[in-house]
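Asks: below are the sequence and a predicted model for it; my questions follow.
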Amino acid sequence: MRVASTAIYRHVRQPKYILMPMCPDKHQHWTTAWAKLVHLTEEDVRTQGIDIVLRDLEEFSTRDSDVGAEVNGSGPEAKRARRLLRECWEVGITLRPGPRLELQAIMDVGKDRGIGAPEDSFVLSLPCSQETFFQSLSDAFDRCCVMKDR
């Protein structure tokens, strides 16, 4: 069984967030994007972020990768979605045993690819408060900014 994960993006100049639901790819041994991007306001993430993320992670293993994803493909909608994500910082979120959440700041390395360094990750024990989650998520996004300057 694969580890449940998701990604949240924050626009670099506007108070907009995007959740990218993920699922296990049933043909390969990796995790892939699934269905439509979920657009969120800063208020959504500030007041409901932990609930939104935990619900998304809970649904991870039930999703069918054959559904596809808004960001995949070569059509105009997929290109528009990928262009929007390029204007954002990314934090990957993984559910770990404990239970705990690992928030990983992701550095863009081009061609819609990113990597994360161990020193740029945050671990939250569950349960945690909404305030703790939002602050840790904000700290992770701040690490994205720092990584760009390295």
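Replies: Arrived safely, thanks for sending.

Asks: give me the buried positions along the lengthiest strand in the chain.
Replies: Assignment by DSSP state E gives strand 100-110 as the longest strand of the chain. Residues of strand 100-110 classed as buried by neighbour count (16 or more other CB atoms under 10 Å): 101, 102, 103, 104, 105, 106, 107, 108. To be clear about C-beta, it is placed using only N, CA and C from the backbone, and glycine gets the same treatment.

Asks: now these as a markdown table including distance to residue 143 and pLDDT?
Replies: A markdown table is the format used below for the buried residues of strand 100-110 (distance: CB to CB, whole Å; pLDDT from 0 to 100):
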| residue | distance to residue 143 | pLDDT |
| --- | --- | --- |
| 101 | 15 | 97 |
| 102 | 13 | 96 |
| 103 | 9 | 96 |
| 104 | 9 | 95 |
| 105 | 4 | 91 |
| 106 | 9 | 90 |
| 107 | 9 | 80 |
| 108 | 13 | 69 |
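
Asks: widest-spaced pair of the residues you listed?
Replies: Largest separation among the buried residues of strand 100-110 by CB to CB: 101 and 108, giving 22.2 Å.
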